[in-house]
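*Asks:* From the sequence below, what's the structure:
(chains A and B)
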Number of protein chains: 2
Amino acid sequence: MRALCSAGAGIGHDSAMATTEPIAPRGRPRPRVVVVGAGFGGLNAALGLIGSGAEVTVVDRDNYHGFWPLLYQVATAGLAPEDIAHPIRSIFAGRPDVTVRHAAVTGIDLERRVVAVDRGDPLEYDYLVLAPGSATADFDIPGVAEHAFALKTLADAVHLRNHVLECFERADAQPEKVPGLLTVVLVGGGPTGVEMAGALAELIGTNLALDFPHLEVSDARVVLVEALDHLLGGFSRASQEEALRVLRTKGVEVLLEAPLAEVRADGVLLADGRAVVASTVVWTAGVRANPLAELLPGDRARNGTVPVGADLSLPGRPEVFVVGDMALVDGGEGRPLPQLAQVAIQGGRHVARVIRSRLAGAPAPAFRYHNHGIMATIGRRAAVAELPGRIALRGTVGWLAWLVVHLVFLIGFRNRVVVLVNWAWNYITWDRASRVIMVDRQ
Amino acid sequence: MRALCSAGAGIGHDSAMATTEPIAPRGRPRPRVVVVGAGFGGLNAALGLIGSGAEVTVVDRDNYHGFWPLLYQVATAGLAPEDIAHPIRSIFAGRPDVTVRHAAVTGIDLERRVVAVDRGDPLEYDYLVLAPGSATADFDIPGVAEHAFALKTLADAVHLRNHVLECFERADAQPEKVPGLLTVVLVGGGPTGVEMAGALAELIGTNLALDFPHLEVSDARVVLVEALDHLLGGFSRASQEEALRVLRTKGVEVLLEAPLAEVRADGVLLADGRAVVASTVVWTAGVRANPLAELLPGDRARNGTVPVGADLSLPGRPEVFVVGDMALVDGGEGRPLPQLAQVAIQGGRHVARVIRSRLAGAPAPAFRYHNHGIMATIGRRAAVAELPGRIALRGTVGWLAWLVVHLVFLIGFRNRVVVLVNWAWNYITWDRASRVIMVDRQ
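*Replies:* Numbers count the residues shown, from 1 in each chain, chains lettered A, B, ... in the order given. The predicted structure is shown next:
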């Protein structure tokens, strides 16, 4: 077994590197880049550094890259968890430039340029790319952590799927009705809440209605609760209204201007005093920066994100970059860029270009975000997509665009084929084949 | 919501039913059949009773039918758990004859003809079909329950997959070698042990060797331990030797005539005093009847199986049937039928025919097992199959036969397509896409 980072230690990133010499000539130690997180940002940074002459180490606490835009489909039994997870090691197999470390980061020493991990030797770096993503923010609303389901990880999605199916099983076994047993409250009208609401309404209205012929499906409720007066903040008014209309057609109860006061064991309490009794509450409202941000010095935005410079580096630390959901990037007019996959992808690619430029002694370009559009699916043949140039796609066309984009960006050919088979199956048969309750009983 | 079994209560199964009258005429209560277990036996019993006039209730503690012959592929990252699990309710969707109850059986009252469950009302029956399958037997060998991985459930398979991948991750992160960290001991040379050994050797030799370029794969060992002097008991001598030869070619260390003394936290101790240090011990050696057998009166075989009559009914209880792994069926010459999927499938179908005959007042036929052959795969293009008439298939032909048979018997068209895509992918690319470590951290 070869020790990690055995190629030598101690090379600086400073101006001595800023020459036009060939990178990492024979016998000379190669610059070391540590990339924290193998999500959209970290993955693209590492991929962009292949062949740059740098020794790249990718650290992630999971051994897979998760395709989170489809997580709601795992939670609603349309896909298996493995369909949206791709082993990080297989992405970099046969790439001697990139080493993968399956470990959690426990500390960052910016002075000594070392990342401490919970497994194996600490990782020394010349360049550090921090792309650990986001975490759930509960906005200090009581009960969120205790009683609401999160939807950030594969385990979250499987827990939620199990729980919803279990509630239907319990209702089916009990002769008397239990209030709220078949009610799902989704808190937050962003893309995740809207996509979950549409998918849940379809799961219940088609599959579970067939699966549980002895239950009255009208007892089941999907309630989407949003504090503002519109869904899908960031989309155009027309798309927001389209989403609202389609969800209501599907039987989703959408409560707008309904800020939450508390999540309880038996449901939610709204600020205006209304209560919704529900056995399932899903929190999709809040996102904050990954807690790793707290390991860094300097300012932090209210949501924990770390302000970065024009090249995405940390102020005063040109060798440290932050990309993706943990970064606060000025998007012009004083507004930060949104926490979207595209921002992370482009940020990761940009940081790879900056590091390559530095290694080559060339000036690094500033980051410019190219808006390729935003989209959210609301269900079968219903989606809203807003492309640059004020092009808006809705209904079937929007949905087809959504399918193509998500298939193209899904990592790995096999994942694409299996997801396509599952989608085609779901579409043709109205079936959702993954509705299995996967308990941990041995 | 309609109460279960609302069609009336108290109809007997006795000779008053044994008429040639049309079954369940209008206004007359229908006979109730309770089927415990939705494995191969229970599923086929329930399917065979559709249209018989009986009200069938299928009880299972899981909400899916598991295709257990492919469980080892989940454990070795070739398939996702959802690929081999099919929701029970979707099998019976649109079949008003069959009600599904997701619950565990907690008691059986043969006098009052009631099955108690942990959820919902007890289930009254006129006919009872017990098909709960098998459980792991440890033959009182110390340490099996504490230190060995079982391989009976989807959770077992995922735990084992996670653990083996974790061991490789740990070895990769540590500069010093830990003895046995990359050693897997499989106890038991039956089909499961042989299939696991072949699949593990391929997983390690191809995928993990690529995934972990800094590890020496020669440090990894797969050791198959068998108490007898041959593998694959029940197969012909030629097949047994073929399996041994192929496994050894793949680098599996096969220890024959090596009964186990103890499983320890750090490996296994053999009866002859030899020890194998291993971080992973998998117990595939012992199968006994499901513990539900203990709820029944009367004799029990040493492995807990319940002796049944020629029609598969319980002695003295013509309305109670036992099929599958929990039944002890005389296979002729005083030898019991093996615990195989085919025996369970044919048993389930037979019991449906017997109940139909009774309902129609016709004499019930005795059970006759038709041996369709046995097969075990040893890896890529290597399998042994023994068909009736002394036809033996080996190598690529045996492997193709294995593929076709397993695809045909896999429940659900979608499962077949996804499994086929995964197999084709694995075959063409040597990849195993499900090697994700699915932790329960939220």
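*Asks:* A:Val187 and A:Gly267 touch, don't they?
*Replies:* No. Assessed by CB atoms under 8 Å, A:Val187 is found out of contact with A:Gly267, at 11.1 Å. (Each C-beta comes from the backbone N, C-alpha and C, glycine too.)
*Asks:* shared neighbours, those two?
*Replies:* A:Val281 (CB atoms under 8 Å, 6 or more residues apart in numbering or on different chains).
*Asks:* Among these two, which residue is more densely surrounded?
*Replies:* A count of neighbours by other CB atoms under 10 Å in any protein chain shown puts A:Val187 above the other of A:Val187 and A:Gly267, at 25 against 21.
*Asks:* phi, psi of that one?
*Replies:* phi -100, psi 120 (degrees, to the nearest 10).
*Asks:* and it, what is it in contact with?
*Replies:* With CB under 8 Å, 6+ apart, A:Val187 has these contacts: A:148, A:193, A:225, A:260, A:263, A:268, A:281-285.
*Asks:* can you rerun that using 6 Å?
*Replies:* Contacts for A:Val187 were tallied using CB atoms under 6 Å, 6 or more residues apart in numbering or on different chains; they are A:225, A:260, A:283, A:285.
*Asks:* Just the closest of those residues to chain B, please.
*Replies:* Within the contacts of A:Val187, the smallest distance to chain B is 11.8 Å, found for A:Trp283 (CB to the nearest CB).
*Asks:* Backbone torsions only: list them for the closest one.
*Replies:* Taking degrees, to the nearest 10 as the convention, A:Trp283 sits at phi -100, psi 110.
*Asks:* Verify the stated contact: it with A:Gly143.
*Replies:* No. Applying CB atoms under 6 Å as the test, A:Trp283 and A:Gly143 come out as separate, 9.8 Å apart.
*Asks:* Tell me which of the two has more neighbours.
*Replies:* The residue with more neighbours, out of A:Trp283 and A:Gly143, is A:Trp283; 28 against 19, by other CB under 10 Å.
*Asks:* nearest spatial neighbour of the more buried one, skipping sequence neighbours?
*Replies:* Excluding its sequence neighbours, the residue lying closest to A:Trp283 (CB to CB, 6 or more residues apart in numbering or on different chains) is A:Ala148, at 3.9 Å.
*Asks:* Just give me the neighbour total for that neighbour.
*Replies:* So A:Ala148, with other CB under 10 Å, has 24 neighbours.
*Asks:* per-residue pLDDT, it?
*Replies:* Per-residue confidence (pLDDT) for A:Ala148: 97.
*Asks:* what does chain A have sitting close to chain B?
*Replies:* Contacts of chain A with chain B, taken as CB under 6 Å from any CB of the partner chain, map to A:1-3, A:63-64, A:80, A:82, A:85, A:87, A:89, A:93, A:102, A:119-120, A:155-156, A:169, A:173-175, A:210-211, A:214-215, A:414, A:417-418, A:421, A:425, A:433-437, A:440, A:442.
*Asks:* Inside strands: which ones of those residues?
*Replies:* A:64, A:85, A:87, A:102 (DSSP state E).
*Asks:* Switch these over to JSON lines; also include pLDDT and neighbour count.
*Replies:* Converted to JSON lines, these look like this (pLDDT from 0 to 100; neighbours: other CB atoms under 10 Å in any protein chain shown):
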{"residue": "A:Tyr64", "pLDDT": "95", "neighbour count": "25"}
{"residue": "A:Ala85", "pLDDT": "92", "neighbour count": "26"}
{"residue": "A:Pro87", "pLDDT": "93", "neighbour count": "28"}
{"residue": "A:His102", "pLDDT": "96", "neighbour count": "25"}
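*Asks:* and the least confident helix or strand in chain A by mean pLDDT with helix B:413-429, angle?
*Replies:* One helix or strand of chain A scores below all others by mean pLDDT, DSSP states H and E: helix A:413-429, with a mean of 77. Interaxial angle, helix A:413-429 versus helix B:413-429 (axes from the mean of the first three to the mean of the last three CA atoms, to 10 degrees): 160 degrees.
*Asks:* centre of the chain versus helix A:413-429, how much separation?
*Replies:* 21 Å (CA atoms, centre = their mean, to the nearest Å).
*Asks:* and if you look at stretch A:122-142?
*Replies:* 13 Å.
*Asks:* what is the mean pLDDT for that stretch?
*Replies:* 96.
*Asks:* can you give me the end-to-end distance of that stretch?
*Replies:* End-to-end span of stretch A:122-142 (CA to CA, to the nearest Å): 38 Å.
*Asks:* A:Val384 should be in a strand, yeah?
*Replies:* Yes. When classified by DSSP: H, G, I helix; E, B strand; the rest coil, A:Val384 is found to be part of a strand.
*Asks:* ok, now which ones touch it?
*Replies:* A:Val384 makes contact with A:239, A:242-243, A:376, A:394, A:398 under the criterion CB under 6 Å, 6+ apart.
*Asks:* How about it, nearest residue that isn't a chain neighbour?
*Replies:* Nearest residue to A:Val384, sequence neighbours excluded (CB to CB, 6+ apart): A:Ser239, at 4.0 Å.
*Asks:* To what extent is the one you found buried, counted in neighbours?
*Replies:* A:Ser239 has 25 nearby residues by other CB under 10 Å.
*Asks:* Tell me the buried residues in the helix or strand harbouring it?
*Replies:* A:Ser239 is located in helix A:237-249, with elements delineated by DSSP states H and E. Buried positions in helix A:237-249, judged by neighbour count with 16 or more other CB atoms under 10 Å in any protein chain shown: A:239-240, A:242-244, A:246-247.
*Asks:* From the contacts of A:Val187, which land in strands?
*Replies:* A:225, A:260, A:283.
*Asks:* Run through the residues that contact the last one.
*Replies:* Same thing as A:Trp283. Here A:Trp283 is in contact with A:144, A:148, A:150, A:187 (CB under 6 Å, 6+ apart).
*Asks:* Might one say that the third one is in contact with A:Asp156?
*Replies:* Yes. Taking CB under 6 Å as the definition, A:Ala150 is a contact partner of A:Asp156 at 4.9 Å.
*Asks:* Which stretches in chain A count as helices?
*Replies:* Using DSSP state H, the helices found in chain A span residues A:40-48, A:71-75, A:88-91, A:144-147, A:154-173, A:191-202, A:209-211, A:237-249, A:341-360, A:395-409, A:413-429.
*Asks:* Present these as JSON lines; the columns should include distance to A:Ala327.
*Replies:* As requested, the helices of chain A are exported to JSON lines (distance: least, CB to CB, whole Å):
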{"stretch": "helix A:40-48", "distance to A:Ala327": "8"}
{"stretch": "helix A:71-75", "distance to A:Ala327": "21"}
{"stretch": "helix A:88-91", "distance to A:Ala327": "21"}
{"stretch": "helix A:144-147", "distance to A:Ala327": "25"}
{"stretch": "helix A:154-173", "distance to A:Ala327": "23"}
{"stretch": "helix A:191-202", "distance to A:Ala327": "20"}
{"stretch": "helix A:209-211", "distance to A:Ala327": "44"}
{"stretch": "helix A:237-249", "distance to A:Ala327": "26"}
{"stretch": "helix A:341-360", "distance to A:Ala327": "7"}
{"stretch": "helix A:395-409", "distance to A:Ala327": "20"}
{"stretch": "helix A:413-429", "distance to A:Ala327": "27"}
